[in-house]
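Undergrad: sequence first, then the predicted structure:
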Protein chains: 2
Amino acid sequence: MIKIFNQISAQNKVKLLRLLKSHSFTFQNETSILSTVKSDNIIGIIAQGYAEIIRTDHNGNETVIEQLEKEDIFGTEISSLKNDEYDIIAKENNTEVIIIDYNNIINCKENNKSFYNEFIKNLFQILNFKLKEKNERLNIITKKTIRDKLLEYFSIESKKHGSSYVYLFSTFTALADFLAIDRSAMTRELKNLKDEGLIEVKGKRITLLYNDNWI
Amino acid sequence: MIKIFNQISAQNKVKLLRLLKSHSFTFQNETSILSTVKSDNIIGIIAQGYAEIIRTDHNGNETVIEQLEKEDIFGTEISSLKNDEYDIIAKENNTEVIIIDYNNIINCKENNKSFYNEFIKNLFQILNFKLKEKNERLNIITKKTIRDKLLEYFSIESKKHGSSYVYLFSTFTALADFLAIDRSAMTRELKNLKDEGLIEVKGKRITLLYNDNWI
DNA sequence: TATGTAATGATGCATTTGCAACATTTTACG
DNA sequence: CGTAAAATGTTGCAAATGCATCATTACATA
């Protein structure tokens, strides 16, 4: 995956951050990153450490929406950062975060600075990747039944790796979250698929026993 | 909304398209645009005319996913253009489409050409906007019940315009599609909300009678 | 303006799903 | 290695939803 400072030297990185009037903050483990951000319209960069985007629903259930590692960015996917459902939490001590005002990025006229142009190009590529991811998820979630969601997910994953195997990225619980369905209902449907001989499940590996043109 | 050729003169536009080795095609009304695209990894621009991204489900039901007008782009949201569910159809005679290979955009090293840099910056801004839109929709669709989806949608729309009124962008049928729910089930739930005195519906205008901090 | 087409509103019914609850297994970590 | 926490598997049941169908209304356009 493209990283935000790709093709930008350490020296130019310093110049870039100065040009964009960025601000750096350091967070300790389990502290809120969003609470220190005043503006709604920023892009954040994890300069060091690790953080997570967390969604808390009205029942108090917390879900990890995204994991943010070094040079990952945030602030592009959440339409309004000022949203009581979301927070970004540092998950390591001394997690360093760079905050840049979105308008500073857009209104900068230094078109002759190659490091600035590289930065925008990296941003573009990252967003392009994210957009495809989101769209993939939308394609799955908009299917009507749990069975169709599972089969669509399997189909996409198997084609991605050109194999009839699908490996869970995390746990079944996380998959249910991703598909936005109830976990036990998902387990129930997985059992149906197993019983009908369509899939085989062994640990985190799901084997597709039907032909879905995954070649 | 940002357009793809913002801040690029007509002369520079010609230079840009040459630099990126773009190809132009003309389509007549109701013809498929995707069928002429060989590669999976392109960005398309509607240079003239009007087209629609259409999704056909396995029952043969067609849904308009997106409307493409002059200077709108496509190819960024569909993870795999080679997908039997989707097609892009010209909806006017003489609809002109510019196709650019994604790799040509990324691998171009002409960092000193300001029109190229503007182009990338425009792409970035367009994708940023689209990403927020997709995320907004995901936030709505991942709600468990139809009621919660409707209320989340109303909440977002009312806050966007700072008013207790929400105006339908199209029809109720289209809204049901957007929310990925059954239309009649949506009507049923809207009736419930009306009966409980939470909303008032008059034509395409929905009034929120509860306080949702839309100020 | 007339007429066909699309949108809306309504409702019975079968199915799907979420929820709650619990037992069992796996995993993480002091 | 032992223990607590997390994940998994299962199931009954109630609630939510999709589907089919039909009547009515709004809309577009010839």
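TA: That came through fine.
Undergrad: write out the residues of chain A neighbouring chain B.
TA: With Cβ under 8 Å from any Cβ of the partner chain as the criterion, chain A meets chain B at residues A:76-80, A:85, A:106, A:111-112, A:114, A:117-118, A:120-121, A:123-125, A:127-128, A:130-139, A:141-142, A:144, A:156, A:159, A:180. Every residue, glycine included, has its C-beta placed from N, CA and C.
Undergrad: just the buried residues from those residues, in PyMOL please.
TA: Selection of buried members from the residues of chain A next to chain B for PyMOL, criterion 16 or more other Cβ atoms under 10 Å in any protein chain shown:
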select buried, chain A and resi 76+77+78+79+111+114+117+118+120+121+123+124+125+127+128+130+131+134+135+136+137+138+139+141+142+156+180
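Undergrad: of the residues of chain A next to chain B, list those near DNA strand D.
TA: Among the residues of chain A next to chain B, the residues within reach of DNA strand D (Cβ under 7 Å from any atom of the strand) are A:K144.
Undergrad: run a quick neighbour tally on the closest residue to A:L198 other than its chain neighbours.
TA: In space, and not counting its chain neighbours, A:L198 is closest to A:Y210: 5.3 Å by Cβ to Cβ, 6 or more residues apart in numbering or on different chains. A:Y210 has 13 neighbours, counted by other Cβ atoms under 10 Å in any protein chain shown.
Undergrad: I'd say A:Y210 and A:E200 touch.
TA: No. Contact between A:Y210 and A:E200 fails when scored by Cβ atoms under 8 Å: they sit 11.0 Å apart.
Undergrad: the helix or strand where A:S24 lies pairs with which strands?
TA: Using DSSP states H and E, A:S24 sits in strand A:23-27. Strands adjacent to strand A:23-27 in the sheet, as given by DSSP bridges, are strand A:95-101 (antiparallel).
Undergrad: distance from the chain centre to the strand it pairs with, please.
TA: 17 Å (Cα atoms, centre = their mean, to the nearest Å).
Undergrad: just to revisit the earlier point, please point out which parts of the next helix-or-strand element following the strand holding A:S24 sit buried.
TA: Using DSSP H and E, the helix or strand that follows strand A:23-27 in sequence is strand A:42-48. Within strand A:42-48, the residues that count as buried by 16+ other Cβ under 10 Å are A:I42, A:I43, A:G44, A:I45, A:I46, A:A47.
Undergrad: now what about stretch A:51-65, what contacts it?
TA: Stretch A:51-65 is contacted by residues A:27, A:33, A:66-68, A:74, A:78, A:85-92, A:95, A:97, A:174, A:177 when judged by Cβ atoms under 8 Å, 6 or more residues apart in numbering or on different chains.
Undergrad: related to what we said a few turns ago, what kind of secondary structure is the residue nearest to A:L198 in?
TA: coil (DSSP: H, G, I helix; E, B strand; the rest coil).
Undergrad: A:N29 and A:K91 touch, don't they?
TA: Yes. Counting by Cβ under 8 Å, A:N29 does reach A:K91; the two are 6.4 Å apart.
Undergrad: of those two, which one has the most company?
TA: A:K91 (18 against 14).
Undergrad: report the residue ranges of every domain in chain A.
TA: For chain A, automatic domain parsing gives the domain ranges A:10-136, A:143-208.
Undergrad: helix/strand/coil for the residue nearest to the spatial centre of chain A?
TA: Closest to where the C-alpha atoms of chain A average out (Cα atoms, centre = their mean) is A:E66, at 4.3 Å. Following three-state DSSP, we place A:E66 in the strand state.
Undergrad: now do the contacts for it.
TA: A:E66 touches A:E52, A:I53, A:F74, A:E77, counting by Cβ under 8 Å, 6+ apart.
Undergrad: at 7 Å what do you get?
TA: A:E66 sits next to A:I53 when contact means Cβ atoms under 7 Å, 6 or more residues apart in numbering or on different chains.
Undergrad: go through chain A and flag its longest helix.
TA: Looking across chain A with DSSP state H, the single longest helix is helix A:114-141.
Undergrad: how far off centre is that one?
TA: Using Cα atoms, centre = their mean, the offset of helix A:114-141 from its chain centre is 11 Å.
Undergrad: pLDDT averaged over that helix, what's the number?
TA: Helix A:114-141 carries an average pLDDT of 94.
Undergrad: do stretch A:56-67 as well
TA: Stretch A:56-67 shows a mean pLDDT of 76.
Undergrad: around DNA strand C, pick out the residues from chain A.
TA: Near DNA strand C, when you scan chain A using Cβ under 7 Å from any atom of the strand, you find A:144-147, A:180-182, A:184-186, A:188-189, A:203.
Undergrad: run the last query once more with 10 Å
TA: A:57, A:59, A:61, A:143-150, A:171, A:176, A:179-189, A:192, A:203-204 (Cβ under 10 Å from any atom of the strand).
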